[in-house]
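Enquirer: Below are the sequence and a predicted model; questions follow.
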Protein chains: 2
Amino acid sequence: MNFSSKLLEQAVAEFGRLPGVGQKTALRLVLHLLKQPEADVLRFTDVFSRLKRDIRHCSVCHNISDNDVCEVCASLKRDKGLICVVEDTRDVMAIENTNQYHGVYHVLGGLISPMDGVGPSDLQVDSLVKRLEAVGAREVILALSATMEGDTTIFYLYKKIKDFGVQISTIARGIAFGGELEYVDEVTLGRSIVTRVPYERSIAS
Amino acid sequence: MNFSSKLLEQAVAEFGRLPGVGQKTALRLVLHLLKQPEADVLRFTDVFSRLKRDIRHCSVCHNISDNDVCEVCASLKRDKGLICVVEDTRDVMAIENTNQYHGVYHVLGGLISPMDGVGPSDLQVDSLVKRLEAVGAREVILALSATMEGDTTIFYLYKKIKDFGVQISTIARGIAFGGELEYVDEVTLGRSIVTRVPYERSIAS
């Protein structure tokens, strides 16, 4: 694209670097910002310059937080003996929205992915081990995505923590509620038959 | 959504205000930015804070420009007697990309749209009239979108400038190159039959 202004071109390039934003979308967003009052644009830039500088991660669970210890870890109502290991803050938000979980979290910050150059040392694995050594726990739930990277990470974590005497579990996999059998993939359907549960247990909670 | 950090929530809200960006996308973009090195985030915010402050519009054609007069208006190779009126800088870029136009532009900055509260006084209409009074022109091409707002604006501009003795034209409408007849809407197809051109003329350029 031939831009009429270098500054415009730079702004479009910056937006275009974001995932899922192409050049045309980036230009549309920049022109939208240009039409806004100056105060709005200042607020936009101000938030992002503070973002990287001021954002903190909970020293216990590594979730994004405004304080040294996040609300979940600081809450007296949460079961500290139950630790749910997740990939990032989005998963914490998704699980919190279910209102079904009352334990605490451990945010890895990613999944093991050799293709993307992400190894165990890039994730909060050591701090999970240290946390189990120092505080201990009754159960660790590995709530990671049902992908190749998720399964790899689960296997790695399992080997790391299996000798701590904690119960290790993964979240249930099967057919989603509302899912129609004919549209479910073969692997999921096959597994869900192999790992079937007694009817009394399936309606227990 | 329940955010674990107020700052994160603000950043997501700012991204979510952009057109076509929902909360989930905004969160994904913010988490992406958080993972980038600090220098990259600083460059991101720096460009946008300069954007609103430093961006200028060409004093002749009102296109976005780094200088008081844009490259097109300053070029000696461009035909100053031919003025193409467009909605915004994206249209200038689109027409420049065709390499078929060697005149100059006049950027309105929008289209007349009573529904959105945009009237002629919000657009660069008066400056077009002044430009025709002061410098004059041989021909004015009204290259606006083939929408209700575009047609309204074309009609308004036509009434404003018809007494200046310049030729007023609009860009050709019809079936796009590569377009298949069966998929073309009835209005376009009907008009393209009524406004058919002699074959010799259609292959002239």
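Expert: Good, I have the coordinates.
Enquirer: In chain A, which helix is the longest?
Expert: helix A:38-54 (DSSP state H).
Enquirer: next helix or strand past that one?
Expert: Using DSSP states H and E, the next helix or strand after helix A:38-54 towards the C-terminus is strand A:56-57.
Enquirer: hang on, the earlier thing: hmm, who's touching the longest helix of chain A?
Expert: Contact partners of helix A:38-54, identified using Cβ atoms under 8 Å, 6 or more residues apart in numbering or on different chains, comprise A:33, B:7-8, B:10-11, B:14, B:17, B:30, B:33-34, B:36, B:38, B:41-42, B:44-45, B:48-49, B:51-53. For the C-beta atoms, the positions are set from N, CA and C on the backbone; glycine is no exception.
Enquirer: And stretch A:89-107, by the same measure?
Expert: In contact with stretch A:89-107 (Cβ under 8 Å, 6+ apart) are residues A:57-58, A:60-64, A:72-73, A:77-88, A:124, A:127-128, A:131, A:139-141, A:143, B:1-4, B:8, B:27-28, B:31.
Enquirer: Mind checking which of these are buried?
Expert: Using 16 or more other Cβ atoms under 10 Å in any protein chain shown as the burial test, the contacts of stretch A:89-107 include A:57-58, A:60-64, A:72-73, A:78, A:82-88, A:124, A:127-128, A:131, A:140-141, A:143, B:3-4, B:8, B:27-28, B:31 as buried.
Enquirer: Quick check: phi and psi at the residue nearest the centre of chain A.
Expert: When chain A is reduced to its mean C-alpha position, the nearest residue by Cα atoms, centre = their mean turns out to be A:D88, at 2.2 Å. Backbone torsions of A:D88, given as degrees, to the nearest 10, read phi -150, psi -170.
Enquirer: Could you do A:L33 as well?
Expert: Dihedral angles (degrees, to the nearest 10) for A:L33: phi -60, psi -40.
Enquirer: what's the answer for A:I64, then?
Expert: The phi and psi values for A:I64, taken as degrees, to the nearest 10, are phi -60, psi 140.
Enquirer: returning to what we had before: just the ones of the buried ones among the contacts of stretch A:89-107 in strands?
Expert: By the criterion of DSSP state E, membership of the buried ones among the contacts of stretch A:89-107 in strands covers A:57, A:64, A:82-86, A:140-141.
Enquirer: Pick the one among these closest to chain B.
Expert: Taking Cβ to the nearest Cβ as the measure, A:I64 is the one of those closest to chain B, at 4.8 Å.
Enquirer: what's A:S59 in contact with, if anything?
Expert: Neighbours of A:S59 in contact, by Cβ under 8 Å, 6+ apart: A:68-69.
Enquirer: A:R28 versus that one, what's the distance?
Expert: 41 Å (Cβ to Cβ, to the nearest Å).
Enquirer: before we move on, what about A:F164?
Expert: Distance of A:F164 to A:R28, computed by Cβ to Cβ: 52 Å.
Enquirer: now A:K159
Expert: Counting by Cβ to Cβ, the gap from A:K159 to A:R28 is 48 Å.
Enquirer: do A:V47 as well
Expert: Distance, A:V47 to A:R28, by Cβ to Cβ: 21 Å.
Enquirer: now do A:I171
Expert: Using Cβ to Cβ, A:I171 is found at 39 Å from A:R28.
Enquirer: now do the same end-to-end measure for stretch A:12-22.
Expert: One end of stretch A:12-22 to the other measures 9 Å (Cα to Cα, to the nearest Å).
Enquirer: any idea of the mean pLDDT in that stretch?
Expert: Here stretch A:12-22 scores 91 as its mean pLDDT.
Enquirer: mind listing what's buried in that stretch?
Expert: A:12, A:14-16, A:18, A:21.
Enquirer: separation between A:A143 and B:D68?
Expert: 59 Å.
Enquirer: How many neighbouring residues does A:A172 have?
Expert: Counted with other Cβ atoms under 10 Å in any protein chain shown, residues neighbouring A:A172 total 8.
Enquirer: Kindly report the same for the one 3 residues further on.
Expert: A total of 15 residues lie near A:I175 under the criterion other Cβ under 10 Å.
Enquirer: rewinding a little: what subset of the buried residues of stretch A:12-22 is also close to chain B?
Expert: A:14, A:18, A:21 (Cβ under 8 Å from any Cβ of the partner chain).
Enquirer: what is the orientation angle of the helix or strand encompassing the first one with helix B:38-54?
Expert: To tie it back to what came earlier, the one meant is A:E14. In this assignment (DSSP H and E), A:E14 forms part of helix A:6-16. Counting by axes from the mean of the first three to the mean of the last three Cα atoms, to 10 degrees, helix A:6-16 lies at 140 degrees to helix B:38-54.
Enquirer: neighbouring contacts of helix A:6-16?
Expert: Helix A:6-16 has contacts (Cβ under 8 Å, 6+ apart) with A:1, A:3, A:21-23, A:25-27, A:29-30, A:33, B:43-44, B:47-48, B:50-51, B:54-55, B:64, B:66, B:89.
Enquirer: on that earlier part again, looking at the buried residues of stretch A:12-22, which two lie furthest apart in space?
Expert: Taking Cβ to Cβ, the two most distant members of the buried residues of stretch A:12-22 are A:V12 and A:L18; they sit 11.3 Å apart.
Enquirer: In terms of residue numbering, what are the domains of chain A?
Expert: By the assignment in automatic domain parsing, chain A contains the domains A:6-54, A:81-171, A:175-205.
Enquirer: which one of those lies closest to B:E200?
Expert: domain A:6-54 (37.0 Å).
Enquirer: Determine how far the last residue of the closest one lies from the first.
Expert: Start-to-end, domain A:6-54 (Cα to Cα) is 30 Å.
Enquirer: that older thread, and the contacts of helix A:6-16, which of them are buried?
Expert: A:3, A:21, A:25-27, A:29-30, A:33, B:43-44, B:47-48, B:51, B:55, B:64, B:66, B:89.
Enquirer: quick one: low-confidence ranges for chain A?
Expert: A:204-205 (pLDDT under 70).
Enquirer: filter the ones in strands among the buried ones among the contacts of stretch A:89-107 by proximity to chain B?
Expert: Answer for those near chain B (Cβ under 8 Å from any Cβ): A:I64.
Enquirer: what's the burial count for A:P37?
Expert: Neighbours of A:P37 using other Cβ under 10 Å come to 9.
Enquirer: Now the phi/psi pair for it, please.
Expert: phi -60, psi 150.
Enquirer: quick one, what contacts it?
Expert: Residues near A:P37 by Cβ under 8 Å, 6+ apart: none.
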